[in-house]
Each structure stands twice: as C-alpha cells, then as structure tokens.
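Asker: compute the structure for the input listed below.
(2 chains)
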There are 2 protein chains.
Amino acid sequence: MTDRGPGFEEALRAAIDGKTKPPGSLGRIEELSAQIARVQGSLSPRMETCRHFVFAADHGIALDGVSAYPQAVTRQMVANFAAGGAASNVFARANGVDLTVVDAGVAGGPTDVPGVLDARMGEGTASALAGPAMTVDLAEAALDRGRGFGRDAGTDAVSLGEMGIGNTSSAALLAAKLTGTPVARFAGRGTGLDDAGLAAKTALLGRAAERTAPRLGGVAALAEVGGFEIAMMTGAMLGAADAGRMVIVDGFIATAAAAAAVDIAPQAREAMVFAHLSAEAGHRALCDALGAEPLLQLDMRLGEGTGALLAWPLLRAAAAMLREMASFESAGVSGPA
Amino acid sequence: MTDRGPGFEEALRAAIDGKTKPPGSLGRIEELSAQIARVQGSLSPRMETCRHFVFAADHGIALDGVSAYPQAVTRQMVANFAAGGAASNVFARANGVDLTVVDAGVAGGPTDVPGVLDARMGEGTASALAGPAMTVDLAEAALDRGRGFGRDAGTDAVSLGEMGIGNTSSAALLAAKLTGTPVARFAGRGTGLDDAGLAAKTALLGRAAERTAPRLGGVAALAEVGGFEIAMMTGAMLGAADAGRMVIVDGFIATAAAAAAVDIAPQAREAMVFAHLSAEAGHRALCDALGAEPLLQLDMRLGEGTGALLAWPLLRAAAAMLREMASFESAGVSGPA
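Answerer: Next up, the predicted model:
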C-alpha cells in the first residue's frame, strides 16, 4: 500500500516538528497528517478529493419492531438522496464531495430512481432473530461489490454512510459478535425509541444474539446478523484501503462495518479515520474496542455518513498542513529561546 | 440586527424538526443552524463566505520572561502570514477563506511587508507588570479600528485569530479581570513552557493582577492588561456582530477578546460561535464563564485562528442544512410510526 522506506518515521516527525508552530500545537491535526502521510507513503500528501457513498438496504429484523420508523422510510429516503434533499446531500455539496447512492437491497423491488446505483443483494435481509440474515455467499458477494466501489472511487478519500430502517439493531449485533461481548452493551435508541421501545429492542437483540456463538469472524458475523448495506460498506472500506485511499468512518453503524473490515483485513485499520462519536449509546464501547477516538463530537445520531462528511475538511486541512506549511528554516522564524 | 417577528422561534423549530431526519438527530448542527437563523433573521440563512483576520502585536510583558519564544517571532510570523506559509494560511486556503493580516502594533517599527495591513497602535504594549499596558485612549482607538474591520468585512462570517509572543499572559490577565477571579486559574503553558516556566509565569501574572481592582470593565481591562491585537480583535467582533455577521471565536486568546466584547456589548454574544476548546489550561474556565461550549476539541493550542478556520465548514453546513434540506412533506418521507 505504501512506499515507506527506513527512516520514513523519523523524516515524518522532523517534517511535522519543523513547521512554523510550537511542537505538538496542532494536536490531532498533526496526528491526522502523519496518518495520511503513512497511507500515501509521502511527506507531501495530497487530500483534495473525496467520494461519499450512501449504501441503503432493508432489514428483516425491522419488521420485529426495533425502530421508531416504518420500513418504507428506507425506500423513501433513497428517493430523497437521489433528489439531493437529505442531510448527507447537503453536507456533501457544502464540502465539495460527490455523492453516490447505492441500493444494496431495499425491500419492495428495484427502486427505479434515476441516479441510484443498483447493487441489490435481495429484498432486504431475513430477520436475524429466526436465522442468518443472509447466506455466506451473499455476504461475500456484497463484500466484493463493495470492494469494487472502494477500489474504483478515484478519489484521495472515501467517506461512507448508510440508510436502513432497523440497522442500529444489525450494527449492535455485529458489534457484539465481533467483540465477543453481550449485545446489551451496544443497544441504543436508534432513530428515537422511548424507554419501553429500547427495552423491547434490547430483549429482542439478546434473543437474536443467543442464536449463534458469542464470537464470530467478520464474514460469518455479516452473514448471521449483518445487513446488505453494512456488508457492502465493509467491502468498500477494504477496497478503498487497499487502493491507498483514506477511509472516513461515520458513526455507530459504519464503525460496526469498520470492525468487520478490520477483522477480515487488519491492515485496513491504518487507512481509517473515525469521524464522529455518535450519540447512539453503543458507539463509544465499539470505538474503544477498535482503539478509535473520533475527531468530532457533535451529538449527532443520523447516519447517512453525515459525521464523515463533516470530518472531511479536517483531513483536507491536515494534509495541506504537511504539504504547504512553511518550516522554521524556510520562513526564517526563530525556534524556542 | 435581525428582523425576527413574533412566531419566529416557533417557525424556526418547525422548520428544523420538519427536515428529513429524526428530531434532534443532527445535534449541535441543528443548534448552530438556529443560531445563524436568528442572527440573520431568516429561516433560509446563507453562510457562504468568511473572512479571516490575523491581528498581530507585541507585549511588554513578553520581555519579563513569560514565553518559550523570543519576541522577534511575532515579527517573523507576520512575514510568514504575508507569504502564506503559516498554519492559518494553509487552513484558510483549504477551506476557501480569505485571510487578512493586520499589524496592530508589532515591535521594531513598521513591518513593511507587502500584504500586511498597517493598523499600528504603537511599538507593542508596555508591560502590565509596571503599569497599564496602554492608555484608555489607545484601547478605544484599537477597538474602533477593529470595529471597522468587522463591520466592513463583506462576508457572512468573520473568523478571528492573533499572533503575539506573550499574549497568553495578556489573555489570562484579561480573563481574570473580566470575571473577577484569580489569574492563576487562567495561567497556562502558552507555546510550551516547562513546569518551572509555568510557575514563574503564574507568579508574575499574580503580581500584575494585584496592580488593579479584581474586576474591571471591558475597556478598562483592555487598557490595563490587554494587547493591541486583542483589543482590535475585540473591536472586530463587535463590528461584525453589529453588521449581522457570524463571529467565529478561536481558542483562549480570542475567547478573552470575546469576553471583553460581551462586557462592552452583551448583544454581541448571540453572533459568536466558539470554535475550539484549546489545550491551554485556562480556556475551559473562561468558556464556562461565557456559557460557551466549543464545537471542536482537537488538542490544538496554536492560535492564529486555526481552530476558528477548522470550524468554519460546520457553520456553512449548518446553514445549508436549514436552507437546502428537504422536509418530510416535500420529500414524501414518512414520520415515526
């Protein structure tokens, strides 16, 4: 993935500390610039283009009553993305990012909306309560399709989001199976469950979790409890990381996909930037499991990749810092007395 | 400043909650969009242009040994800003923001650097340890000059930063005098003091603070312990807020200027967005005093308005959310079941 030779880390440290600022004074932007430099194998990294994907699909478990919204909303929102009216469209435009909407398996037949990419794996998943959400073959196919999107994105960074009523349930189960910890730790209010709704969801997720072993590998976990959009997003992360693109991971659901990706290919972790700490309850625990400290904390819990899109300008600024900023030497500025 | 009639708040709430997202799910971006709407008196606010000012000046107290860097660095950095090589230049370019460098009183005579705006109030301030840093007349003149910059910026938002060796000392004293609390609460490592340096700085600031009453008004505080760049930044905040521009407040030093501005004209507070929680020790305490919760927390402590520049895309996105995002009604999306 990179051309880092011996001495790269020392040269990188010297380049960052030589910039006209007190050492360390740009904090996480310095860390981010170093991460981008490592992925690109360059002390003069470029971070100018980003493509955003929204993967949409439906979830059998949604029909078991785990969401405040009806399943039809997934399909309606796909039309909204195609028309440019959703939050992720607005944030993408505001930040100069191209957005691609992918139907990974929305219930109710092909969406037939111009501008929506057809990558349907089925009419939504089966409910993970009764059996596997999808076959292992379908999980592999969704991963492969996703890998292609990530690999061929053509941009310095790829930012990822999802839409699927019920998918915080799928993400909570994935998080539980990938970390081998109880699912209750990852159950949250999703789009807005009240206390009773949350209790019912938590109980339901507990039953679904009991169906399989406590710890599953990435592909098996995606097949058992994943969603089509989550599996495809996982693949897109793997394909993008393989191609040397930065991977901007949104909130809770995208982080579950990232956990699956890291389980499948640990080296993908290096390309991942965790964008936003979600207000969804389980996100902090999952980030901790991945050693991830999200850049932003804005109390958002929308999904669609909205957090990732808001973090994109920070990547752009971090790379520009390393590439464009003057050094003490070049600018003739004195160091500490 | 605004044309908000009766019913504006209800209409604003309805507009935000009617967008295609679960209510509240965009968290602080929703709050920010509401703040911008109030300042502009519009449910369809515009936030497309931003101008960044870097005010530079020197501080007599720097010669008493409160900084890790020599005073000459202020002047060297002004040349670096003019050449486009500083962190704030890089972040401004990355985010499409124009940058204006203002010499508010750098020691060593006029900078004579093309592209630097001459608004010199003197050869740096006098040391606040021995007497007032500047006369009240000079403080008023710096405020007036700053008001003009803010008023005439010609942009939807104004973002503000500073450069001045020794100015965390001036900011700490300002924070103490404006809040009427001990200066030790606001003393920090600045550009990088070690433990002994911090102890010496804290002792020195304690002596400077004893020279005047524990609580001073905005103009008096600026005259007694302020810097020319801080006073001019305070004025720019007041002028920008008066003209209906959003005011993006950077870290510790800019927040000290904001505290002075709010003391002088409390209504300016509504236009202020606090960008970044500085790693400088006193910033949290000063934010608490202003009821401010900065948007970003990236462990930065550089100044120059770097935090403000990184927050600017969030304002742009927040206004676009309110102006461009579809409603449940317009997009034909179902609400909660």
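
Asker: which ones are touching residue A:120?
Answerer: Contacts of residue A:120 were listed using CB atoms under 8 Å, 6 or more residues apart in numbering or on different chains, and they are A:103, A:104, A:105, A:106, A:110, A:228. Where C-beta positions appear, they are placed from N, C-alpha and C, glycine not excepted.

Asker: and what of residue A:228?
Answerer: Contacts of residue A:228 (CB under 8 Å, 6+ apart): A:55, A:57, A:104, A:105, A:120, A:121, A:122, A:124, A:125, A:134, A:138, A:142.

Asker: so which of those are in helices?
Answerer: Among the contacts of residue A:228, DSSP state H puts A:138, A:142 in helices.

Asker: so which of the contacts of residue A:228 sit within strands?
Answerer: Within the contacts of residue A:228, residues falling in strands by DSSP state E are A:55, A:57, A:104, A:105.

Asker: beyond the longest helix seen in chain A, next helix or strand please.
Answerer: Longest helix in chain A by number of residues, with DSSP H as the criterion: helix A:306-324. Of the helices and strands lying after helix A:306-324 in sequence (DSSP states H and E), the nearest is helix A:328-331.

Asker: how about the CA coordinates for that next one, as PDB?
Answerer: The C-alpha coordinates for helix A:328-331 follow below in PDB (Å, rounded to 0.1, in the frame of the first residue of the first chain):
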ATOM      1  CA  PHE A 328      11.100  27.400  10.700                       C
ATOM      2  CA  GLU A 329      14.100  27.300   8.300                       C
ATOM      3  CA  SER A 330      12.300  28.200   5.100                       C
ATOM      4  CA  ALA A 331      10.400  31.100   6.700                       C
END
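
Asker: so does it get close to chain B?
Answerer: Yes - judged by CB under 8 Å from any CB of the partner chain, helix A:328-331 and chain B are in contact via A:330, A:331.

Asker: would you list every one of the strands in chain A?
Answerer: Counting by DSSP E, chain A has strands at residues A:50-57, A:98-105, A:116-118, A:157-163, A:246-249, A:272-274.

Asker: how about whatever residue of the stretch 101-250 of chain A ends up closest to chain B, what does it touch?
Answerer: Distance from chain B to each residue of the stretch 101-250 of chain A (CB to the nearest CB) is smallest for residue A:191, at 4.1 Å. For residue A:191, the contacting residues are A:67, A:68, A:69, A:165, A:168, A:301, B:22, B:25, B:336, by CB under 8 Å, 6+ apart.

Asker: which of those residues are buried?
Answerer: Neighbour-count burial (16 or more other CB atoms under 10 Å in any protein chain shown) applied to the contacts of residue A:191 gives A:67, A:68, A:69, A:165, A:168, A:301, B:22, B:25.

Asker: wait, what's in contact with the first one?
Answerer: When the contact criterion is CB under 8 Å, 6+ apart, the partners of residue A:67 are A:165, A:166, A:168, A:169, A:190, A:191, A:193, B:337.

Asker: around the residue lying closest to the fourth one once chain neighbours are set aside, how many other residues sit close by?
Answerer: Translated: residue A:169. Among residues not flanking residue A:169 along the chain, residue A:66 sits closest, at 4.4 Å (CB to CB, 6 or more residues apart in numbering or on different chains). Counted with other CB atoms under 10 Å in any protein chain shown, residues neighbouring residue A:66 total 28.

Asker: and for whatever residue of the stretch 151-300 of chain A ends up closest to chain B, the neighbour number?
Answerer: Nearest residue of the stretch 151-300 of chain A to chain B, counting by CB to the nearest CB: residue A:299, 3.0 Å away. Residue A:299 has 17 neighbouring residues, counting by other CB under 10 Å.

Asker: test my guess that it contacts residue B:28.
Answerer: Yes - here residue A:299 reaches residue B:28: they are 5.4 Å apart, a contact under CB atoms under 8 Å.

Asker: check whether the longest helix of chain A comes near chain B.
Answerer: Yes - interface with chain B: helix A:306-324 contributes A:306, A:309, A:310, A:313, A:314, A:316, A:317, A:320, A:321, A:324 (CB under 8 Å from any CB).

Asker: mind listing what's buried along that helix?
Answerer: Those buried within helix A:306-324 under the rule 16+ other CB under 10 Å are A:306-324.

Asker: please apply the same query to stretch A:272-286.
Answerer: A:272-283, A:286.

Asker: what of stretch A:37-50?
Answerer: Buried, per 16+ other CB under 10 Å, within stretch A:37-50: A:37, A:38, A:39, A:40, A:42, A:43, A:45, A:47, A:49, A:50.

Asker: from these, which is closest to chain B?
Answerer: Distance to chain B across the buried residues of stretch A:37-50 (CB to the nearest CB) is lowest for residue A:47, with 8.9 Å.

Asker: what stretches of chain A score poorly on pLDDT?
Answerer: For chain A, the stretches with pLDDT under 70 are A:1-3, A:337.

Asker: can you rerun that using 50?
Answerer: Where chain A drops to pLDDT under 50, the residues are A:1.

Asker: with adjacent residues omitted, what lies nearest to residue A:235?
Answerer: Distance criterion CB to CB, 6+ apart; nearest residue to residue A:235, sequence neighbours excluded, is residue A:146 at 2.3 Å.

Asker: what residues are up against the one you found?
Answerer: A:55, A:231, A:232, A:233, A:234, A:235, A:236, A:237, A:238, A:239.

Asker: PyMOL command for the buried members of these?
Answerer: Buried members of the contacts of residue A:146, defined by 16+ other CB under 10 Å, are picked up in PyMOL with:
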select buried, chain A and resi 55+231+232+233+234+235+236+237+238+239
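
Asker: now, which of the contacts of residue A:146 lie within helices?
Answerer: Per DSSP H, the subset of those in helices is A:231, A:232, A:233, A:234, A:235, A:236, A:237, A:238, A:239.

Asker: show me what contacts the fifth one?
Answerer: Which is residue A:235. Residues near residue A:235 by CB under 8 Å, 6+ apart: A:142, A:143, A:144, A:145, A:146, A:147, A:148, A:149, A:150.
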